[in-house]
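[1] starting from these lines, generate the structure:
(chains A and B)
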Amino acid sequence: MIRLEHVTKKFKTKGNEVIAVNDVSLDINKGEIFGIIGFSGAGKSTLVRCINLLEVPTSGAVYFEDTDLMKADKKELRAYRQKIGMIFQQFNLLAQRTVLDNVCYPLEVAGMKKKEARERAGELLELVGIADKAEAYPSQLSGGQKQRVAIARALSTNPEVLLCDEATSALDPITTRSILELLKNINKNMGVTIIVITHEMKVVEQICDRVAIMSKGSVEEEGTVQSVFLSPQSETGKKLVLPEEKEPVSSPTKNYLRIVFDGQSSSEPVLADLILESNAKLNILGANTEDIGGSAYGQMLIEKPDQETLERVKNYLDKKKMSYEEVEVDRA
Amino acid sequence: MSSSIINLLLQGIGETFYMVIVSTAVAYLFGIPLGVLVYVTDKNGICKNSIINMVAGFVINVVRSIPFLILLVAILPFTRLVVGTTIGSTATIVPLVVAAVPFVARMVESSLKEVDPGVIEAAKAMGSSPWQIICKVILPEAKPSLLVGGTITLATILGYSAMAGFVGGGGLGAIAVNYGYYRYQTDVMFVTVALLVIVVQVFQEAGIRLVNHIDKR
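    As a prediction, the model looks like this:
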């Protein structure tokens, strides 16, 4: 659907040159939710802007289906942009227009008649669940409601791709979850390919199929969310997935076993069963799990028991098809 | 104060309103496009063009740096060419417009700069053309700030119009100069000054109320 080939973007500032995106190649499939994760300054926002050419890459190629967007003229590019919706961290709604008129904007740009546009905008507000706010102005809405308007606006021209630039980073955890649910439904029901830029692993865990980890302008690692989450290979990947030093799940000094919850039923007492069945006195070093729509996501760190007990624990986990990883702490 | 003076003052108020409102309207007619031009051709603008930007900026700065009273006299031949005379209210409108256009352009430019760049980026991402971005995004989003600029412009032009009284312009300024200054009628001077203060207050208050009413932020 979207293919980036050796995309590089350099910015010239006074005296020196900054390479924001360095030789990135990605292939995003139709209908998937693709995550691009990295810490601030990794170049993710610049990379996503290279997809709709808000930033023109210094070198490389950007393909939308089979069209090289960098070879399209201005008019063609504008037509392609209407097929690529985008939402932002700061929502970027028109402050002087009502919610309904905000959603009408891309339709006006596309040349739709006013009456038709208003009808279509009404349907979209219905879809994102804020039809009752149609006549309100953005300043009267909460962050989550503003992002819903932005999503409705981005979808109004029936785009095939939706770019989300830190779309939930300005929202509280509960609102984040509901916006992510909405995005997931849009992906499932409308078949819109979604590209999510974020610095939060939680976001990727919750909705993405595949993920690319970015650091210093380059993609360090790419794969299915499950594989990356289970055993991150790159330095940045480990930092993002494994608990940070200061978090409650903090620097275990002992060798430990990391058990990953990636969608098991949250009502199942996994750990209690594990202890009972393997007859192991387990010591929990830390945990970081969340219940998302009845499924458990996250991880738990358990102090590594002696070899014999460990085998029983592993047997149980294998039986339950739970993912885990043994981690040796380097005691240098 | 005699009734003839009162009639004179009433006529002066009428002339002042006429000069200020017509000049402001015409100044905006030229000033908005010029302000938009400077804004969009800026190095961060949507139609970056450093040559046009530099030329327009230079012309604006040149006219703005000429003191109004000098400009008024310097362009007398041009004024005569446009309206056929150099005295009276209508003749004053010409230099007022010439002085106000660059002023308005800068006011407009600074109002447009207040528009959130994120909103413009979003409009671009939705496939808008530069023209659509200007007409449907930048100008409507800047509307409250443009109106605030408008009230400031009105007050400034009012000040300029009073200066024109020295060289045969009309309005309250001419009355203040002719009666208050040349004939030492201090009472007339005070009344005209008071009237000018009231006019500025009215413009300002009306402008602010209008802005509060239309601003949806």
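[2] give the contact list for the most centrally placed residue in chain B.
    Chain B has residue B:153 as the residue nearest its centroid, 3.9 Å off, counting by C-alpha atoms, centre = their mean. Shown in contact with residue B:153 (C-beta atoms under 8 Å, 6 or more residues apart in numbering or on different chains): B:24, B:27-28, B:100, B:103-104, B:107. (C-beta placed from N, C-alpha, C; glycine too.)
[3] in a helix, it, correct?
    Yes. Counting by DSSP: H, G, I helix; E, B strand; the rest coil, residue B:153 is part of a helix.
[4] can you show me the helices along chain B?
    With helices called from DSSP state H, chain B shows them at B:3-40, B:50-65, B:68-74, B:76-83, B:89-113, B:117-125, B:130-132, B:139-163, B:171-175, B:186-214.
[5] please identify the most buried of the ones you listed.
    The highest mean neighbour count among those, using mean count of other C-beta atoms under 10 Å in any protein chain shown, belongs to helix B:171-175: a mean of 26.
[6] packing partners of it?
    Other helices and strands packing on helix B:171-175, by 3 or more C-beta pairs under 8 Å, 6 or more residues apart in numbering or on different chains; DSSP states H and E, are helix B:3-40, helix B:139-163, helix B:186-214.
[7] run the chain-centre distance for the longest one.
    Its chain's C-alpha centre and that of helix B:3-40 lie 7 Å apart, by C-alpha atoms, centre = their mean, to the nearest Å.
[8] tell me the mean pLDDT over stretch A:95-115?
    Averaged across stretch A:95-115, pLDDT comes to 96.
[9] and stretch B:199-211, by the same measure?
    91.
[10] out of the helices of chain B, which comes closest to residue A:238?
    helix B:117-125 (33.1 Å; C-beta to C-beta).
[11] helices and strands around that closest one, which ones?
    Using 3+ C-beta pairs under 8 Å, 6+ apart, helix B:117-125 sits against strand A:84-88.
[12] could the C-alpha coordinates of the strand it packs on be exported in PDB?
    Output of strand A:84-88 as PDB, limited to C-alpha atoms (Å, rounded to 0.1, in the frame of the first residue of the first chain):
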ATOM      1  CA  ILE A  84      -4.200   9.800   2.800                       C
ATOM      2  CA  GLY A  85      -6.000  11.100   6.000                       C
ATOM      3  CA  MET A  86      -3.900  12.500   8.800                       C
ATOM      4  CA  ILE A  87      -4.500  13.200  12.500                       C
ATOM      5  CA  PHE A  88      -2.200  15.100  14.900                       C
END
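[13] in its sheet, what does that strand sit against?
    Strand A:84-88 has the following strand partners under DSSP bridges: strand A:161-165 (parallel).
[14] what residues sit buried inside whatever helix or strand comes next after the strand it pairs with?
    Later in the chain than strand A:161-165, the nearest helix or strand by DSSP states H and E is helix A:173-190. Using 16 or more other C-beta atoms under 10 Å in any protein chain shown as the test for burial, helix A:173-190 gives A:175-177, A:179-180, A:182-184, A:186-187.
[15] around chain A, pick out the residues from chain B.
    B:116, B:118-119, B:121-129, B:132, B:136-137, B:140-141, B:143-144, B:215-217 (C-beta under 8 Å from any C-beta of the partner chain).
[16] OK, contacts around residue 216?
    Looking at chain A here, since you left the chain open. For residue A:216, the contact set (C-beta under 8 Å, 6+ apart) comprises A:22, A:42-43.
[17] if you could check chain B rather than the one you did, that'd help
    For residue B:216, counting by C-beta under 8 Å, 6+ apart, the contacting residues are A:95-97, A:137-139.
[18] mind listing what's buried in stretch A:308-318?
    Buried residues in stretch A:308-318, counted by 16+ other C-beta under 10 Å: A:310, A:313, A:316-317.
[19] drop anything exposed from the contacts of residue A:216.
    Neighbour counting over the contacts of residue A:216 (16+ other C-beta under 10 Å) leaves A:22, A:42-43 as the buried ones.
[20] which residues touch whichever strand or helix holds residue A:213?
    Using DSSP H and E, residue A:213 maps to strand A:210-215. Here strand A:210-215 makes contact (C-beta under 8 Å, 6+ apart) with A:24, A:26, A:29, A:32, A:34-39, A:42-44, A:47, A:204, A:219-225, A:228, A:232, A:234-237, A:240.
[21] which ones among the residues you listed lie within strands?
    A:24, A:26, A:34-37, A:219-224 (DSSP state E).
[22] considering those, which is situated nearest to chain B?
    Nearest to chain B among those: residue A:36, at 16.7 Å, using C-beta to the nearest C-beta.
[23] report the separation between the closest one and residue B:120.
    24 Å (C-beta to C-beta, to the nearest Å).
[24] cool, residue B:150 as well?
    Distance, residue B:150 to residue B:120, by C-beta to C-beta: 22 Å.
[25] ditto for residue B:19
    From residue B:19 across to residue B:120, the span is 37 Å (C-beta to C-beta).
[26] which residues touch residue B:161?
    Contacts of residue B:161 by C-beta under 8 Å, 6+ apart are B:16, B:19-20, B:23, B:92, B:96, B:169, B:171, B:173.
[27] cutoff 6 Å now
    Contacts for residue B:161 (C-beta atoms under 6 Å, 6 or more residues apart in numbering or on different chains) come out as B:19-20, B:171, B:173.
[28] same question, residue B:116
    Counting by C-beta under 6 Å, 6+ apart, residue B:116 has no contacts.
[29] picking up where we left off before, how about the contacts of residue B:161, which pair is most distant?
    Comparing every pair within these by C-beta to C-beta identifies B:20 and B:173 as the most remote, at 10.6 Å.
[30] skipping its backbone neighbours, what lies nearest residue 56 in space?
    In the absence of a named chain, this looks at chain A. Excluding the flanking residues, the one nearest residue A:56 by C-beta to C-beta, 6 or more residues apart in numbering or on different chains is residue A:70, at 7.1 Å.
[31] nope, chain B
    Leaving aside its sequence neighbours, residue B:56 sits nearest to residue B:38 (C-beta to C-beta, 6+ apart; 5.1 Å).
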